[in-house]
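> have a look; sequence and predicted model below, questions after that.
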Protein chains: 2
Amino acid sequence: MNKQKRLTIKQVAQMAGVSTQTISRVINNRPDVSPETRQRVKDIIDRYGYQPSALARSLIQQRNYTLGVVTAGLKYIGPSMILHGITNKAEELDYSILLKELPRFDTDDVEPIFKSLLARHVDGIIWAVPAVGDNQRWLKQTSESFPVPFIFLTAPPRSDLASVDYDNYLGGKMATQHLLRQGYQQIGHISGPLDWLSARQRKQGWQDALREAGINPDSMPCSEGNWSSGSGGVAFEQLLANYPSLEAVFVANDQMAVSLLRVAFQKGIRIPQDLAVVGFDGLAESQFFWPPLTTVYQDLHALGSTAVKEIVQTIEYLYEGKDSVNVNNIILQPQLIVRASSLKS
Amino acid sequence: MNKQKRLTIKQVAQMAGVSTQTISRVINNRPDVSPETRQRVKDIIDRYGYQPSALARSLIQQRNYTLGVVTAGLKYIGPSMILHGITNKAEELDYSILLKELPRFDTDDVEPIFKSLLARHVDGIIWAVPAVGDNQRWLKQTSESFPVPFIFLTAPPRSDLASVDYDNYLGGKMATQHLLRQGYQQIGHISGPLDWLSARQRKQGWQDALREAGINPDSMPCSEGNWSSGSGGVAFEQLLANYPSLEAVFVANDQMAVSLLRVAFQKGIRIPQDLAVVGFDGLAESQFFWPPLTTVYQDLHALGSTAVKEIVQTIEYLYEGKDSVNVNNIILQPQLIVRASSLKS
DNA sequence: CTGAAAGCGCTAACAC
DNA sequence: GTGTTAGCGCTTTCAG
């Protein structure tokens, strides 16, 4: 491999027979360069493929056009979809992404992550780690004193902290109300792991929808899964054992619904004739399940790109000298997609 | 938000009443600092949370401890799994990740991506974009002259280019041979989109396995899907229409197998009794399909982490002054996971 | 229109 | 042990 060193502005200046200043003016499209000089410099830049160092530029401008993104669980489709939205929007706005993935969802040793990101002069940080257990504890102390703009992708809205999130509570409610509207009364729930905030919110939505329909939620069965396919089937068996007269189930994600469908099939329970099912997340595959799965869709790509849009806006404001930036708490609305698995024919 | 400026080494030096050099020695754990001075400096650093600028350091050391990662299709689980492996290993080796996602798989306008990465002084580049259509055309020209180490995650092995990949051809062969061993003879294939290199390789594996078993592969039916669930069902219907006496199918990914299973169920085709099925990829969900899916597993996390290990090794060699670094082409072996969908009971 | 000088935050090489 | 000088590659400021 031919490791030729990169050209410096000085070398380019020498070749063009001008000062580095003039080169700087050309690459930054500033006025005060004669057309001929400009052209000559441009030619040389093209010919030798000179690329100004963003590092040196960042140092002096105190601006890096880089976002720190902290995520966790990239092996799951949710976090990746969010990241997908983030990279797309960042690219569009000409920001680079410095990516960190936490080794576990419930890591609370976040100091090193911050240090590393800040050492590299990121202009802002997107915290795309779901709230699990007490993994946002560090927040309570750090709260006010971020040296750069900060946005949370999953956190209870706080007036002092920018955030974007889907309304998981509303989603749970929508799923349940859809079942209620179909005339079902005995509606169980398979929840996600309850140390996840979103799992609790979805469950709460289910409970409140029941309550509002005059049904005591405590009289309805609920089993806890762990988001994985396998756990859905297990939780379903528990539900059936405890509550054989079940008419419908709201499952907290589509993955768990997969194996619920399978268990149902094995037991000879027909869906939706014997049991209606609603999932959550809107996985692309869910419309190809058998039967096609009714689900609550969240556009996670949009979640990611909204976060970038927001934080970049804040960053730009800040650099324009506007001091008091108002903090937005954005809540996105999920969308119910009705398919065969929940339709009383 | 309280945007306090970051401390500089100069300020810390002033507080400690020493020169910046001494601070530098302390933060880099170098000798030649008296224990007392060292302790005093450390205290101040801790108290004020001073964080040295990795940017400034990179400038002078000509080393950034950062890897450029180029990916595409993060909304799919494959690319995300690879990225997962990359971030984990990079973290472990204390490298940061600068992430770029191509807007489409077949983008061949890669210049800006490179420029942006090199402008930020990445020490190496991992190209984790699958080979689709002619999207590696630019490679043919650029070939030798990368200014930094480079590794490909999906490319035909080339002696002048480091690469890591799974043996898709072998995977296709393994799947088909498994079916042959079960005694099936009429084995069809649902391929991925054939402008993908990996789809062609898997198909070739199927063909060669048949040929080696004395079966003319051209006499066996093959339909092309596009990796998505939906396309699998469609392709399957074509297969059946053309070749009703089908005994088994090798499907080029698990996603397409999902809807094949569904179509089979709707048509009353029992699996595996009437038709054996083998998938590819080893999705976590595939063991919860009905019936559980036999599949060819690739550990994509390992693929990502291997790439990082390799490129970091090359980088370190280079900085140690070793000039001729040997180029590795690593080929990982997939693994057949046998489940009910392909077992002649 | 163009260039010279200073300096972003840090470290290498040398002095003392 | 510690400080001084120079400079990484660039931009800002100010002279001309």
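Done, it's in.
> roughly how far apart are residue A:24 and residue A:15?
To residue A:15, residue A:24 is 15 Å away according to CB to CB, to the nearest Å. All C-beta spots, glycine's among them, are computed from the backbone N, C-alpha and C.
> swap that for residue A:235, please
70 Å.
> what about these two, which has more around it?
residue A:235 (26 against 17; other CB atoms under 10 Å in any protein chain shown).
> right, and that one touches residue A:221 too?
No. Using CB atoms under 8 Å, residue A:235 makes no contact with residue A:221, being 10.0 Å away.
> mind listing what's buried in stretch A:304-322?
A:304-312, A:314-315, A:318 (16 or more other CB atoms under 10 Å in any protein chain shown).
> ditto for stretch A:89-107
A:89-91, A:93, A:95-102, A:105-106.
> for chain A, where's the lowest mean pLDDT among helices and strands?
Lowest mean confidence among the helices and strands of chain A (mean pLDDT, DSSP states H and E): helix A:137-142, at a mean of 78.
> which helix or strand lies directly C-terminal to that one?
strand A:150-152 (DSSP states H and E).
> beyond that following strand, next helix or strand please.
Strand A:150-152 is succeeded, C-terminally, by strand A:162-166 (DSSP H and E).
> ok, that following strand: who's next to it in the sheet?
strand A:150-152 (parallel), strand A:329-332 (parallel) (DSSP bridges).
> so which of those is the most surrounded?
strand A:150-152 (a mean of 23; mean count of other CB atoms under 10 Å in any protein chain shown).
> run the chain-centre distance for it.
Centroid separation for strand A:150-152 versus its chain: 11 Å, with CA atoms, centre = their mean, to the nearest Å.
> need the residues of the stretch 151-300 of chain A near chain B, please.
A:228-230, A:232-233, A:255, A:258-259, A:261-262, A:265-266, A:284-285, A:287-290 (CB under 8 Å from any CB of the partner chain).
> report the buried members of those residues.
Using 16+ other CB under 10 Å, the buried ones in those are A:228-230, A:232-233, A:255, A:258-259, A:261-262, A:284-285, A:287-290.
> of those, which is the nearest to residue A:51?
residue A:284 (38.7 Å; CB to CB).
> ranges for the helices of chain A?
A:9-16, A:20-27, A:35-48, A:54-61, A:77-92, A:111-119, A:137-142, A:168-181, A:197-212, A:229-242, A:254-267, A:300-319 (DSSP state H).
> and the contacts of the fifth one?
By that I understand helix A:77-92. Under the criterion CB atoms under 8 Å, 6 or more residues apart in numbering or on different chains, residues A:67, A:69, A:71-74, A:96-97, A:99, A:126, A:128, A:130, A:153, A:281, A:283, A:300-309, B:74-77, B:79-80, B:83, B:99-101, B:103 lie in contact with helix A:77-92.
> thought residue A:329 was touching residue A:160?
No. Assessed by CB under 8 Å, residue A:329 is found out of contact with residue A:160, at 10.2 Å.
> residue of chain A with the smallest distance to chain B?
residue A:80 (3.5 Å; CB to the nearest CB).
> out of everything not next to it in sequence, what's closest to that residue?
Nearest residue to residue A:80, sequence neighbours excluded (CB to CB, 6 or more residues apart in numbering or on different chains): residue B:80, at 3.5 Å.
> leaving out chain neighbours, which residue sits closest to the residue minimising distance to the centre of chain A?
Closest residue to the average C-alpha location of chain A: residue A:82 at 3.5 Å, with CA atoms, centre = their mean. Of all residues not flanking residue A:82 in the chain, residue A:304 sits nearest, at 4.3 Å (CB to CB, 6+ apart).
> how much space between the closest residue to residue A:274 other than its chain neighbours and residue B:345?
With sequence-adjacent residues excluded and distances taken as CB to CB, 6+ apart, residue A:274 is closest to residue A:264, at 7.9 Å. Distance of residue A:264 to residue B:345, given as CB to CB: 23 Å.
> and residue A:261, by the same measure?
Residue A:261 is 23 Å from residue B:345, by CB to CB.
> and what of residue A:302?
For residue A:302, the distance to residue B:345 - CB to CB - is 47 Å.
> the more surrounded of those two?
residue A:302 (16 against 5).
> wouldn't that one be in contact with residue A:334 here?
No. Counting by CB under 8 Å, residue A:302 stays clear of residue A:334, with 11.1 Å between them.
> spell out which parts of chain A neighbour DNA strand D.
A:6, A:8-10, A:20-21, A:23-24, A:27-28, A:51-53, A:56-57, A:59-61 (CB under 7 Å from any atom of the strand).
> from residue B:300, how far out is the residue nearest to residue A:80?
9 Å.
> residue A:330 too?
33 Å.
> what do you get for residue A:278?
Taken as CB to CB, the span from residue A:278 to residue B:300 is 31 Å.
> compare the two (neighbour count), which wins?
Taking other CB under 10 Å, residue A:278 and residue B:300 do not tie; residue A:278 has more neighbours (31 against 24).
> the more buried one: what's it in contact with?
A:175-176, A:178-179, A:248-251, A:293-296, A:341-342.
> contacts only, for residue A:128.
Residue A:128 touches A:69-72, A:79, A:82-83, A:86, A:153-154, A:304, A:307, counting by CB under 8 Å, 6+ apart.
> restrict those to contacts with DNA strand C.
Here nothing survives when these are matched to DNA strand C using CB under 7 Å from any atom of the strand.
> out of those, which one sits closest to DNA strand C?
Checking those against DNA strand C with CB to the nearest atom of the strand, the nearest one is residue A:70 at 22.1 Å.
> for residue B:175, see how far away the residue nearest to the closest one when sequence neighbours are not counted is.
Nearest non-adjacent residue to residue A:70, counting by CB to CB, 6+ apart: residue A:100, 4.9 Å away. To residue B:175, residue A:100 is 37 Å away according to CB to CB.
> also residue A:29?
Distance from residue A:29 to residue B:175, by CB to CB: 56 Å.
> just residue A:241 next, same as before
Distance from residue A:241 to residue B:175, by CB to CB: 38 Å.
> the two: who's more crowded?
residue B:175 (30 against 10).
> in this structure that one contacts residue B:297, no?
No. Using CB under 8 Å, residue B:175 makes no contact with residue B:297, being 10.9 Å away.
> overlap in contacts of those two?
Here residue B:175 and residue B:297 share the contacting residues residue B:336, scored by CB under 8 Å, 6+ apart.
> and the residue nearest to residue A:216 when sequence neighbours are not counted, what does it touch?
Nearest residue to residue A:216, sequence neighbours excluded (CB to CB, 6+ apart): residue A:210, at 7.4 Å. Counting by CB under 8 Å, 6+ apart, residue A:210 touches A:176, A:180, A:187, A:216-217, A:220.
> give me the buried positions along stretch A:266-283.
Result for stretch A:266-283 [16+ other CB under 10 Å]: buried residues A:269, A:271-272, A:275-283.
> which one of these is nearest to residue A:169?
Of all these, residue A:280 has the smallest distance to residue A:169: 12.0 Å, by CB to CB.
> surely the closest one meets residue A:174?
No. Residue A:280 sits out of contact with residue A:174 when judged by CB under 8 Å, with a separation of 9.8 Å.
> which neighbours do these two share?
Contact criterion CB under 8 Å, 6+ apart; residues shared by residue A:280 and residue A:174: residue A:296.
> what about residue A:199, how many residues close to it?
Neighbours of residue A:199 using other CB under 10 Å come to 24.
> tell me the contacts of the residue nearest to residue A:205 when sequence neighbours are not counted?
Leaving aside its sequence neighbours, residue A:205 sits nearest to residue A:172 (CB to CB, 6+ apart; 2.3 Å). Contacts of residue A:172 were listed using CB under 8 Å, 6+ apart, and they are A:201-206, A:209, A:250, A:252, A:280, A:296.
> roughly how far apart are residue A:172 and residue B:93?
Applying CB to CB to residue A:172 and residue B:93 gives a distance of 42 Å.
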